[in-house]
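Engineer: Return a 3D structure for these sequence lines:
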Amino acid sequence: MNYLTHQLLNAEEINFIKEKLGQEIEGWEDGKNTAGSHASKVKNNLQLNRKSDISKELSLLIKKKILDDNLIKSFTLPKHIHGIMFTKSLKGMSYGRHIDNAYMSSGRADLSFTIFLSEKKQYEGGELLIENMTSESKFKLNRGEIIIYPSTNLHSVKSVLNGERIVCVGWIESYVKSIEEREYLFDLDAGARSLLAKHGRSDELDLIFKSYSNLLRVMGD
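Structural biologist: The predicted structure follows:
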């Protein structure tokens, strides 16, 4: 599994975030301001100024939600969550095919994430497209759901045909750089936790958890 979709926010949290974003009138700016030299040529959206009080407040909320989620922590092994911003795409706006910078001023990008904040029925188009070696996957998730995927993948956002697409995006620097090694550790952790839930603690499970921890020490940085 090289990507994860998961319900991160509940209805109350989504409504709180949307209400806060609705209070921001002058803080929305051209998305090209934070894009790299290549991405800026294909980026057409609005983003909330990261230095605004509302952006800072909501970014802390998102970071806490991610760090409190055991499934996401197991999948990403987060060392640093950074670059969080809130973006808005109106009719005709899109983000063309691009790849995220490996190193940003805020940290290394091993994993990218998008949290969908708008109800799917509130806009047409605006799908997130993620490419791999042989295929392309399309995502338009329910509000409050997050998708996390390797920053090494080319991706894009299709043009919004009607309505308003609001999302939160950001990046994760993982303790483990390798996509494959993170997948091995995620599978091992998931399997061990499932066995623990079904059968309880055992000497054999202690050995599995020991191996997981020691592999993390070897693979991590």
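Engineer: tell me which residues of stretch 75-83 are tucked away?
Structural biologist: Phe75, Thr76, Leu77, Pro78, Lys79, Ile81, His82, Gly83 (16 or more other C-beta atoms under 10 Å). For glycine as for every other residue, the C-beta is placed from the backbone atoms N, C-alpha and C.
Engineer: Next step: those residues restricted to helices.
Structural biologist: Among these, DSSP state H puts Phe75, Thr76 in helices.
Engineer: Let me know the closest of the buried residues of stretch 75-83 to Lys41.
Structural biologist: Nearest to Lys41 among the buried residues of stretch 75-83, counting by C-beta to C-beta, is Gly83 at 19.7 Å.
Engineer: wait, isn't that closest one in contact with Ile172?
Structural biologist: No. When contacts are counted by C-beta atoms under 8 Å, Gly83 is not listed as touching Ile172 (9.4 Å).
Engineer: which intervals of the chain have sub-threshold pLDDT?
Structural biologist: 1, 36-37 (pLDDT under 70).
Engineer: ok, how many other residues are close to the residue nearest to Phe113 when sequence neighbours are not counted?
Structural biologist: With sequence-adjacent residues excluded and distances taken as C-beta to C-beta, 6 or more residues apart in numbering, Phe113 is closest to Ile148, at 4.5 Å. When neighbours are counted by other C-beta atoms under 10 Å, Ile148 registers 23.
Engineer: So in terms of bridging, what pairs with Ile148?
Structural biologist: With DSSP bridges as the criterion, Ile148 is bridged to Leu4, Phe113.
Engineer: which ones are touching it?
Structural biologist: The neighbourhood of Ile148, defined by C-beta atoms under 8 Å, 6 or more residues apart in numbering, consists of Tyr3, Leu4, His6, Ile72, Phe75, Thr76, Leu111, Ser112, Phe113, Ile172.
Engineer: re earlier: need the residues touching each of Gly83 and Ile172.
Structural biologist: Counting by C-beta under 8 Å, 6+ apart, the residues touching both Gly83 and Ile172 are Ala109.
Engineer: that older thread, any chance of TSV for the contacts of Ile148, columns distance to Met133?
Structural biologist: Shown next, in TSV, are the contacts of Ile148 (distance: C-beta to C-beta, whole Å):
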residue	distance to Met133
Tyr3	14
Leu4	19
His6	24
Ile72	25
Phe75	21
Thr76	22
Leu111	18
Ser112	18
Phe113	21
Ile172	22
